[in-house]
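A.B. asks: sequence first, then the predicted structure, then my questions.
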Amino acid sequence: MKFTQLVSKTLRSDPPEAETASHRLMLRAGMIQQVASGIYSYLPLAWRSIRKIENIIREEMDAAGGQEVMMPTLQPMEMWEHTGRRSAFGDNLFTLQDRRGRPMVLAPTHEEAVTSIVRSNVQSYRDLPVILYQIQTKFRDELRPRAGLVRVREFDMKDAYSFDADDDSLDRSYQAMAQAYRNIYRRCDLPVLMAEADSGAIGGKDSHEFILATPTGEDTVITCPGCGYTANAEKAVAGLPEAKSESPQALQEVSTPGIKTIASLAEFLNISHEQTIKAVFYSADDEVILASVRGDLEVNEVKLKNALHATQLRLATDEEVAGAGLVAGSASAVGLQGIKRIADTSITNGANFVVGANKPDTHLTGANYPRDFEADTLTDIALAQPGQLCIQCGHVLEATRGVEVGHIFKLGTFFSEAIGALYLDDEGEQRPIIMGCYGIGVGRLLAAAIEQNHDEKGINFPIPVAPYQVHLVGLNLSDEAVAAAADKLYAQLWEQGIETLYDDRTDQAAGVKLNDADLIGLPVRLVVSPRNLKNDVVEVKGRKDSESETVSTEELIRRLRQILS
RNA sequence: CGGGGUGUGGCCCAGUGGUAGGGCGCUACGUUCGGGACGUAGAGGUCGUGAGUUCGAAUCUCACCACCCCGACCA
């Protein structure tokens, strides 16, 4: 591709609205163009990268036994009502009507459609296992799109679905997919963490996320340097050091005027946060409940939602709290009746806690579980934090920010039962097919790759993801001999199968061209110039290298192959 | 939805009631040519939309819309 023919333009300065590196650099390099919030056009450079990533994914999916299909984006609403996912997706679902007024959906994912395919094409255990996948545009009306391609409303996604006869077979499919995913990220030069994850509302046991560590990421991953335990913070389980034992004291009221937070309470009484118990009110499917955790911890809403088997969970409003006769800021489970109480196991780790007295401006000291209060449910609902202890090996845990670039999970039989995807086993018994699903956001993967690989000058593309392999810069192209040499080299490179972007602009200063090369960030930069031509050499510089080398024209192709392999 | 902000040539922005501007980019010619050159001459604008106030509105008022950032959602 000649630069003069490339449609997109590079920008000299940073677009002010872009805060994350990948967003900023993709705009500056002329890769993407925003059409509406969370909706982008992919210009030629970006689209070449996307296609390369898609092909890597395709090869690995095929190698893992996947068969590629293409399912419709436009689907009848009926399909979504049938499985109850219309309400599960809620406002995230893009909806429309056809000309006859039939409600339709722009599909956010394809479990319904794929299960329908399998329902009518698989009848016997002999037909299993099966893995189907597609690479296609998904639509989700996200609450808040952000960070360029990291979170968008229309996006290119690879979604795969496995169908197995039994759990062992599902395990094998799941492992095969996990390995395929690791291969994909490795080929894209992306060191990802495979983290245990929450499997969400729809059943399922195992679930893993693939997270690329980057400071601007949306997710937090808890890792153990001791044993390698890795889990998303919303899933991670952490241990606490055993509190020193104390003999129980009597409950006693203390006046705490104006004290409403753990921090102010601890300061007021000159105690540590872990000597208190934090009470938080939630509305779970419109029922107000009380969640208690030790004062130094935070409630993990994902764990809480799972423990309550709730489909919808949010903080209770002030009105709801007051309506239930509760005292925000001075609440606790002590003496509390008529409301569901759930507590984190951390409240058993310690003694003589300070808790709310359920009276304004009053707390209680000497609260002990279960002597003074009970919980309807006592389980792990705390957010794991760095500094806490690994439950596997006792090592101190660490936290890493990152972007989720893949998610796999075991679905179980929710969809196959709802849609009737059944098979006959070898004893002639009818059973629901066991499913798994596996997703990668392709555009987000590109954004993550850039997030991970850039410097102050621009992108630093991993070779397999780069739109072109080589950026050929011609300096002083008004010199006919130089132009002829550069043109010839450009033709030669393509003949040799080396994908080359040729900056053939005659009217730009060297600085502009070299800076654009750094910005676009192709793996190798070649410079043809009067100086190099005189010595019969071409200058070669890897984007990651600080120094360039000069290579004779005869040696060039061999050297390039070496670098690009 | 709550909080904060922004809408003026392709891009970045200035412009507090009286002729719509600057920089970058773009076109033509000339001079330059190894890290974001220069000269000369040009092209390019429903000032987000609608109502209102006024002799007169980019500017004041009201309503609406869009976009960005922070929180809940996710590949």
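C.D. replies: Structure's in. What do you need?

A.B. asks: now find how far off-centre the strand or helix carrying A:A180 is within its chain.
C.D. replies: Element membership for A:A180 (DSSP states H and E) is helix A:167-187. Remark: helix A:167-187 is offset 18 Å from the chain centroid, using Cα atoms, centre = their mean, to the nearest Å.

A.B. asks: do whichever helix or strand comes after it and RNA strand B meet at all?
C.D. replies: Next along the chain after helix A:167-187, taking DSSP H and E as the criterion, comes strand A:192-196. No. With Cβ under 7 Å from any atom of the strand as the criterion, RNA strand B is not reached by strand A:192-196; the gap is at least 10.7 Å. All C-beta spots, glycine's among them, are computed from the backbone N, C-alpha and C.

A.B. asks: ok, the closest residue to RNA strand B within the stretch 251-400 of chain A - contacts?
C.D. replies: Residue nearest to RNA strand B within the stretch 251-400 of chain A (Cβ to the nearest atom of the strand): A:E301, separated by 5.9 Å. Going by Cβ atoms under 8 Å, 6 or more residues apart in numbering, A:E301 touches A:E234, A:Y282, A:L313.

A.B. asks: look up phi and psi at the residue lying closest to the last one once chain neighbours are set aside.
C.D. replies: Spelled out, that is A:L313. Spatial nearest neighbour of A:L313, excluding adjacent residues (Cβ to Cβ, 6 or more residues apart in numbering): A:K305 at 4.4 Å. The phi/psi pair for A:K305 (degrees, to the nearest 10) reads phi -60, psi -40.

A.B. asks: what about the residue lying closest to A:D127 once chain neighbours are set aside, how many residues nearby?
C.D. replies: Closest residue to A:D127 apart from its sequence neighbours, by Cβ to Cβ, 6+ apart: A:Y423 at 6.9 Å. A:Y423 has 23 neighbouring residues, counting by other Cβ atoms under 10 Å.

A.B. asks: tell me the helix or strand right after whatever helix or strand A:Y423 lives in.
C.D. replies: Secondary structure from DSSP H and E places A:Y423 in strand A:422-424. Next in sequence after strand A:422-424, counting helices and strands by DSSP H and E, comes strand A:430-432.

A.B. asks: name the strands paired with that next one and say parallel or antiparallel.
C.D. replies: strand A:422-424 (antiparallel) (DSSP bridges).

A.B. asks: who touches the strand it pairs with?
C.D. replies: In contact with strand A:422-424 (Cβ under 8 Å, 6+ apart) are residues A:119, A:122-125, A:127-128, A:165, A:416, A:430-433.

A.B. asks: ramachandran angles for the nearest residue to A:Y181 once chain neighbours are set aside?
C.D. replies: Computed as Cβ to Cβ, 6+ apart, the closest residue to A:Y181 that is not its neighbour in sequence is A:G406, at 5.4 Å. The phi/psi pair for A:G406 (degrees, to the nearest 10) reads phi -180, psi 150.

A.B. asks: how about A:E555?
C.D. replies: According to degrees, to the nearest 10, A:E555 has phi -80, psi -20.

A.B. asks: and for it, the neighbour number?
C.D. replies: Neighbour number of A:E555 under other Cβ under 10 Å is 14.

A.B. asks: and it, what's its pLDDT?
C.D. replies: We have a pLDDT of 91 for A:E555.

A.B. asks: I'd like the distance between it and RNA strand B.
C.D. replies: 17 Å (Cβ to the nearest atom of the strand, to the nearest Å).

A.B. asks: distance check, that residue against A:E196.
C.D. replies: Going from A:E555 to A:E196 by Cβ to Cβ, to the nearest Å gives 50 Å.

A.B. asks: same question for A:A113.
C.D. replies: A:A113 is 28 Å from A:E196, by Cβ to Cβ.

A.B. asks: so how many other residues sit close to the residue in the stretch 351-500 of chain A that RNA strand B sits nearest to?
C.D. replies: As assessed by Cβ to the nearest atom of the strand, RNA strand B sits closest to A:G441 within the stretch 351-500 of chain A, at 2.4 Å. A:G441: 24 surrounding residues under other Cβ under 10 Å.

A.B. asks: helix or strand for A:N306, which one?
C.D. replies: helix A:301-308.

A.B. asks: how far does that helix sit from its chain's centre?
C.D. replies: Distance, centroid of helix A:301-308 to centroid of chain: 20 Å (Cα atoms, centre = their mean).

A.B. asks: kindly report the same for stretch A:287-301.
C.D. replies: 25 Å.

A.B. asks: apart from its neighbours in sequence, what residue is nearest A:I520?
C.D. replies: Using Cβ to Cβ, 6+ apart, the nearest residue to A:I520 is A:A29, at 5.0 Å.

A.B. asks: so who does that neighbour touch?
C.D. replies: A:S8, A:T10, A:L45, A:G458, A:I459, A:L519, A:I520, A:G521.

A.B. asks: can you tell me if the helix or strand in which A:H471 is found touches RNA strand B.
C.D. replies: Element membership for A:H471 (DSSP H and E) is strand A:470-474. No. Against RNA strand B, strand A:470-474 shows no contacts by Cβ under 7 Å from any atom of the strand, the least distance being 8.6 Å.

A.B. asks: how about stretch A:28-41?
C.D. replies: Yes. With Cβ under 7 Å from any atom of the strand as the criterion, RNA strand B is reached by stretch A:28-41 at A:Q34, A:A36, A:S37, A:G38.

A.B. asks: generate a PyMOL selection restricted to the buried subset of the contacts of A:E301.
C.D. replies: Those of those that count as buried under 16 or more other Cβ atoms under 10 Å are selected in PyMOL with:
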select buried, chain A and resi 234+282+313
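
A.B. asks: understood, closing this out.
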